[in-house]
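# only geometry, no sequence info:
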């Protein structure tokens, strides 16, 4: 078997295993409140109204979620092909996550020539909670698509800056990927580029981009699509530029948005201390690989470390702190760990008989550590996360599907929004209920009319009308209107005017 064929088979097997871990489950996860549901509403309203530069919520231009619409467009495409559903909302993130895993594998193999190191880096990435958990590969959020674009342009830039004259096509690919990153999540798409600048300074290659006109051309090619979108979007619905500047630039950096505070050590605490990256605290030892690494592997390790440190330092300086903001650093953190482990094992093997014993012991410890990582990831994926995802307020989709199967064509829903959750929601309307909004639109596609009413509106419900709620705050008042007819645990459905069941005395 040729080496190329062997690499392809290993990559296929690794990706197949990753895909099975990420996406095979016994139950469809409901649309998540933060922030997947907002994106899902944006996409479904665009599906119903037509492709547009302007994303909407409730039929109005969305000036709260001011991220550029590349993710929403990809969801629109998925819905156009497969129809609206939770699955079609998440398909772009799923595909982006798998492509990011392939890029991580490819980068590691190219700088080491080792498929085992490449497989290790991929394993460390896919088993990280920040990669597969909330906001990650399994949700319709920005971070999976952003990670694809940032990992892609960093991958291409590493090999470009080590060539005196990189090809025009190579640099235009970088420009396309940078534009994609910015059009996915605004300025966050540029954040990992700080690590590239640091790497060029540390290695004395800072003049390299000035020696080819194609770097300047690529920079211009990256800026033009973003500038064109901003100008056209502002013209289509004025006010966008001001809102985007506040939300995505000065607002989040200078002040904590919606109460998302944290100490300067926040990202060290969460990524390493809390284990949002699979290797946890031991990953902090990755720089030790620089003591023995040589050649391209040394360059790759230094590049990966520059990217990781650059992202974490910049995020730590920002006032708004959320754990998933560190997601663009994870692929290169996984690469850095895999390279450091490989170099450590190689250094031990070069020390003769004692080194071989040490290498065998280190390999056994590594195997034990990887086994523990795999067990923890499986527990998080199959036990911990479902308990976080299946909250009663997320069950409207299941409820509406159940009613549709019973032939119901109209239902009134009592829902209090985030105000009944007891969470701190600075700047968020207390009646905000994007999960209900998405499932209301989705039910309308199937012919079920859903009307949201207030608790006071219950008095206006006519005899025989169906009234429902998946908001625990309103279960009691809904149950008082009649007998519970729901077949979905966590939701109440009554037919107005029907007497509730009489409690039996014991």
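Happy to help now that I have it. Just so we're clear, the structure is a prediction, and the values are computed from it rather than from any experiment.

# what's the average pLDDT for stretch 460-472?
What stretch 460-472 shows for mean pLDDT is 85.

# any chance you could list what contacts it?
For stretch 460-472, the surrounding residues in contact (CB atoms under 8 Å, 6 or more residues apart in numbering) are 392-396, 399, 403, 408, 410-416, 420, 453, 458, 475, 478, 481-482, 485-486, 488, 490-497. In short, each C-beta sits where N, CA and C put it, glycine included.

# restricted to helices, list these.
396, 399, 403, 475, 478 (DSSP state H).

# so how do I select the buried members of the residues you listed in PyMOL?
A single PyMOL command selects the buried members of the ones in helices among the contacts of stretch 460-472 (16 or more other CB atoms under 10 Å):
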select buried, resi 396+399+403+475+478
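
# so which of the ones in helices among the contacts of stretch 460-472 comes closest to residue 342?
Nearest to residue 342 among the ones in helices among the contacts of stretch 460-472 is residue 396, at 48.7 Å by CB to CB.

# quick check, that closest one in contact with residue 439.
Yes. Applying CB atoms under 8 Å as the test, residue 396 and residue 439 come out as touching, 4.1 Å apart.

# can you name the residues in contact with stretch 64-82?
In contact with stretch 64-82 (CB under 8 Å, 6+ apart) are residues 35, 38-40, 42-44, 46-47, 51, 53, 55, 57, 85, 88-89, 91-92, 140, 142, 145, 180, 182-186, 226, 229, 233, 240, 243-244, 247-248.

# what residues of it count as buried?
Result for stretch 64-82 [16+ other CB under 10 Å]: buried residues 65-79.

# let me know the closest of these to residue 376.
residue 71 (29.3 Å).

# let's test this: mean pLDDT of the helix or strand containing that closest one, rounded?
Assigned by DSSP states H and E, residue 71 belongs to helix 70-82. Averaging pLDDT along helix 70-82 yields 98.

# and stretch 18-29, how far apart are its ends?
Length of stretch 18-29, first residue to last, CA to CA, to the nearest Å: 18 Å.

# can you give me how far that stretch is from the chain middle?
15 Å (CA atoms, centre = their mean, to the nearest Å).

# what residues of that stretch count as buried?
For stretch 18-29, using 16+ other CB under 10 Å, the buried residues are 18, 19, 21, 22, 29.

# from these, which two are the most distant?
Top of the distance list for the buried residues of stretch 18-29 (CB to CB): 18 and 29, 17.8 Å.

# related to what we said a few turns ago, what subset of the contacts of stretch 64-82 is buried?
Among the contacts of stretch 64-82, those scoring as buried are 35, 38-40, 42-44, 46-47, 53, 55, 57, 85, 88-89, 91-92, 140, 142, 145, 180, 182-186, 226, 229, 233, 240, 243-244, 247-248 (criterion: 16+ other CB under 10 Å).

# so which of the residues you listed are in strands?
Residues of the buried ones among the contacts of stretch 64-82 located in strands (DSSP state E): residue 57.

# quick one: which of the buried ones among the contacts of stretch 64-82 sit in helices?
Per DSSP H, those map to helices at 38-40, 42-44, 46-47, 88-89, 91-92, 142, 145, 180, 182-185, 226, 229, 233, 240, 243-244.

# count the neighbours of residue 213 for me.
Other residues within reach of residue 213, judged by other CB atoms under 10 Å, total 10.

# how near is it to residue 156?
18 Å (CB to CB, to the nearest Å).

# ok, now residue 189?
For residue 189, the distance to residue 156 - CB to CB - is 14 Å.

# looking at the two, which one has more neighbours?
More crowded of residue 189 and residue 156, by other CB under 10 Å: residue 189, with 26 against 23.

# what sits closest to that one if chain neighbours are left out?
residue 181 (2.9 Å; CB to CB, 6 or more residues apart in numbering).

# burial of the one you found, as a residue count?
Number of residues near residue 181 (other CB under 10 Å) recorded here: 31.

# my guess is it contacts residue 149. True?
Yes. Under the criterion of CB under 8 Å, residue 181 makes contact with residue 149 at 3.7 Å.

# any shared contact partners between the two?
Both residue 181 and residue 149 are contacted by residue 189, under the criterion CB under 8 Å, 6+ apart.

# list the contacts of residue 386.
27, 29.

# against residue 54, how distant is it?
36 Å.

# gap between the two ends of stretch 186-204?
End-to-end distance (CA to CA), stretch 186-204: 30 Å.

# what's the answer for stretch 386-396, then?
Counting by CA to CA, you get 16 Å between the two ends of stretch 386-396.

# in it, what's buried?
Residues of stretch 386-396 classed as buried: 389, 391, 392, 393, 394, 395, 396 (neighbour count, 16+ other CB under 10 Å).

# ok, now stretch 99-115?
Residues of stretch 99-115 classed as buried: 99-109, 111-112, 114-115 (neighbour count, 16+ other CB under 10 Å).

# of these, which belong to helices?
Those of the buried residues of stretch 99-115 lying in helices (DSSP H): 99-109, 111-112, 115.

# could you measure from the nearest residue to residue 223 once chain neighbours are set aside over to residue 172?
The shortest distance from residue 223 to any non-neighbouring residue, by CB to CB, 6+ apart, is to residue 179 (8.0 Å). With the distance defined as CB to CB, residue 179 ends up 11 Å from residue 172.

# more neighbours: which of the two?
It is residue 179, of residue 179 and residue 172, that has more neighbours when counted by other CB under 10 Å, with 22 against 16.

# any idea how far the more buried one is from residue 439?
Taking CB to CB, one finds residue 179 at 34 Å from residue 439.

# what does residue 337 give?
Residue 337 sits at a distance of 40 Å from residue 439 (criterion: CB to CB).

# so these two - more neighbours on which side?
Counted by other CB under 10 Å, residue 337 and residue 439 do not tie: residue 439 has more neighbours, with 30 against 26.

# which element is residue 311 on?
Judged by DSSP H and E, residue 311 forms part of helix 295-317.

# need the contact list for residue 191.
Taking CB under 8 Å, 6+ apart, we find residue 191 in contact with 150, 310, 311, 314, 315, 328.

# ok, and the most crowded of those?
Going by other CB under 10 Å, residue 150 tops those with 31 neighbours.

# before we move on, back to that, residues shared between the contacts of residue 179 and residue 172?
Contacts common to residue 179 and residue 172, judged by CB under 8 Å, 6+ apart, are residue 221.

# pop the domain breakdown of the chain in here.
Per the record, the chain has its domains at 3-388, 392-495, by automatic domain parsing.

# ends of the first one, what's the gap?
With CA to CA as the measure, domain 3-388 spans 44 Å from end to end.

# ditto for stretch 444-458
22 Å.

# next step: the buried residues of stretch 386-396 restricted to strands.
Short answer: the buried residues of stretch 386-396 have none in strands (DSSP E).

# with distance to residue 381 and pLDDT as extra columns, can I get these in TSV?
Formatted as TSV, the buried residues of stretch 386-396 follow (distance: CB to CB, whole Å; pLDDT from 0 to 100):
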residue	distance to residue 381	pLDDT
389	11	71
391	18	79
392	22	83
393	22	87
394	18	89
395	21	92
396	24	95
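
# strands of the protein, start to end?
For the chain, applying DSSP E gives strands covering 56-57, 60-61, 410-414, 449-453, 466-469, 492-495.

# now stretch 80-98: how far from the chain's centre is it?
With CA atoms, centre = their mean as the basis, stretch 80-98 stands 13 Å off its chain's centre.

# stretch 266-274 too?
18 Å.

# now stretch 235-253
With CA atoms, centre = their mean, you get 22 Å for stretch 235-253.

# which residues touch residue 58?
residue 437.

# show the pLDDT at it.
For residue 58, the pLDDT comes out at 93.
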